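Chemist: Sequence and predicted model, in that order:
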Amino acid sequence: MKHKNGFNPLSRTTAHRRALHRNMVTSLFKYERITTTKQKAMEVRRTAEKLITRSKVDTFNNRRHAAKYLWDNDILKKLFTEIGPRMKDRNGGYTRILKIGFREGDAADVAILELVDYDFEKKEKDSKKKEDSKKAEPKKSVSEKKSSFKPSKPDSESKKGSDSVVDNKSNRRYNRVKGS
């Protein structure tokens, strides 16, 4: 029976589960958007929402409580100086879970966990600036070019009409959810 089970143990030991929560919450506040399985996203969301609620009031005790969950002090500062004040007018619901499909290897539900006020256009502009600065760098020598990785199939050889989506950033393939 599942009576009074308040959380999903995610088939992990307590120490492993705590480390997983800490890693994922730290990554969420660092990048403001992470891709993970739906079940992990639902569990991490609980911790993240509680920390954001505490970060709205910058007190010594709230910082100590948040420091238990975050690995990096820079991210702790970001939580209390940027994320908390941005969410000041909200009474909960600081994150959203977007389902993006199924992972190809094990057909696990994959979802994006992001902060509600995540600015996708701003992140695109920042990445374009980085790409422009990379183009200005000197070209590689011939020996370095030979050692670079080449994909086995170009994009044009991909199956037409397939139900899979390829995430270009991570080169992961997801099966499309029916009806979306």
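Modeler: It's in.
Chemist: contacting residues around the residue most central in space within the chain?
Modeler: Centroid check for the chain by C-alpha atoms, centre = their mean gives residue 34 as the closest residue, at 0.7 Å. Contacts here follow C-beta atoms under 8 Å, 6 or more residues apart in numbering; on that basis residue 34 touches 24, 27-28, 112-114. No exception for glycine: its C-beta is placed from N, CA and C like everyone else's.
Chemist: Residue 131 in helix, strand or coil?
Modeler: Secondary structure for residue 131, judged by DSSP: H, G, I helix; E, B strand; the rest coil, is helix.
Chemist: number of nearby residues for it?
Modeler: Residue 131 is flanked by 9 other residues according to other C-beta atoms under 10 Å.
Chemist: can you tell me which strand in the protein is longest?
Modeler: Scanning the chain for the strand with the most residues, using DSSP state E, yields strand 95-103.
Chemist: Just the buried positions in that strand, please.
Modeler: 95, 100-102 (16 or more other C-beta atoms under 10 Å).
Chemist: Name the spans of this structure whose pLDDT lies under the cut-off.
Modeler: For the chain, the stretches with pLDDT under 70 are 123-125, 133-173, 175-180.
Chemist: Which residue ranges of it form helices?
Modeler: Listed in chain order, the helices of the chain (DSSP state H) span 14-31, 38-55, 60-67, 73-78, 84-86, 120-135, 142-146.
Chemist: show me the contacts for residue 86.
Modeler: By C-beta under 8 Å, 6+ apart, the contact set of residue 86 is residue 117.
Chemist: any idea how far it lies from residue 80?
Modeler: Distance of residue 86 to residue 80, computed by C-beta to C-beta, to the nearest Å: 11 Å.
Chemist: So residue 79 sits against residue 70, correct?
Modeler: Yes - using C-beta atoms under 8 Å, residue 79 is in contact with residue 70, at 7.0 Å.
Chemist: Name the nearest of the contacts of residue 34 relative to residue 129.
Modeler: The closest of the contacts of residue 34 to residue 129 turns out to be residue 114 (C-beta to C-beta; 21.4 Å).
Chemist: give the contact list for the residue nearest to that closest one when sequence neighbours are not counted.
Modeler: Using C-beta to C-beta, 6 or more residues apart in numbering and skipping the chain neighbours, the partner closest in space to residue 114 is residue 33 (3.9 Å). Applying C-beta under 8 Å, 6+ apart, we find residue 33 in contact with 112-115, 118, 123.
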